[in-house]
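# quick one, structure for this:
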Amino acid sequence: MDWTTRKVLSLRLSNTLNASFCVEALQEAIAKYGKPEIKISMDSPGRYLDNIFIERLWRSLKQEAVYLHEITTSFQAKRNIDEWIGFYNSERPQTALDKRTPDTAYFTRAKIRKAA
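Alright, predicted model coming up:
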């Protein structure tokens, strides 16, 4: 997730505790959107604020896309979550972004950076 615009850049689901899927998501985000301008934030023990945007995202996703549906297969779970992330990025306005969507905020910021 881009913290400034709240845009979900990459997502992986896994039913194991193996960390490789996290690394794959990070590699995909960097390949698709480039290296971040600031250092990558890693959660530290006792620092809930390090991950507050992701925690809020997961809460919204669970309440709006997971708990409302009877999901019986991993394919169905992935489809529901992918659809919700698409909605979140492109259609859901964010108060913190002056009622813009994460996509609008992200790509506006990208244009400004290129012009500078």
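# my read: Ser14 touches Ala25, true?
No: with contact defined as C-beta atoms under 8 Å, Ser14 does not count as touching Ala25 (9.7 Å). C-betas here are computed from N, CA, C, even on glycine.
# and the two? which has more neighbours close in?
Looking at Ser14 and Ala25 with other C-beta atoms under 10 Å, you find the greater number of neighbours at Ala25, namely 17 against 13.
# now the more buried one: how far from Ile112?
Distance of Ala25 to Ile112, given as C-beta to C-beta, to the nearest Å: 26 Å.
# again, but for Ile30
Taking C-beta to C-beta, one finds Ile30 at 21 Å from Ile112.
# compare those two (neighbour count), which wins?
Ile30 (14 against 9).
# run through who's touching the helix or strand Gln27 falls within.
Element membership for Gln27, per DSSP states H and E: helix 20-33. Helix 20-33 has contacts (C-beta atoms under 8 Å, 6 or more residues apart in numbering) with Asp2, Leu9, Ser10, Leu11, Arg12, Leu13, Ser14, Pro36, Ile40.
# give me the residue ranges of this structure where confidence is low.
39-50, 116 (pLDDT under 70).
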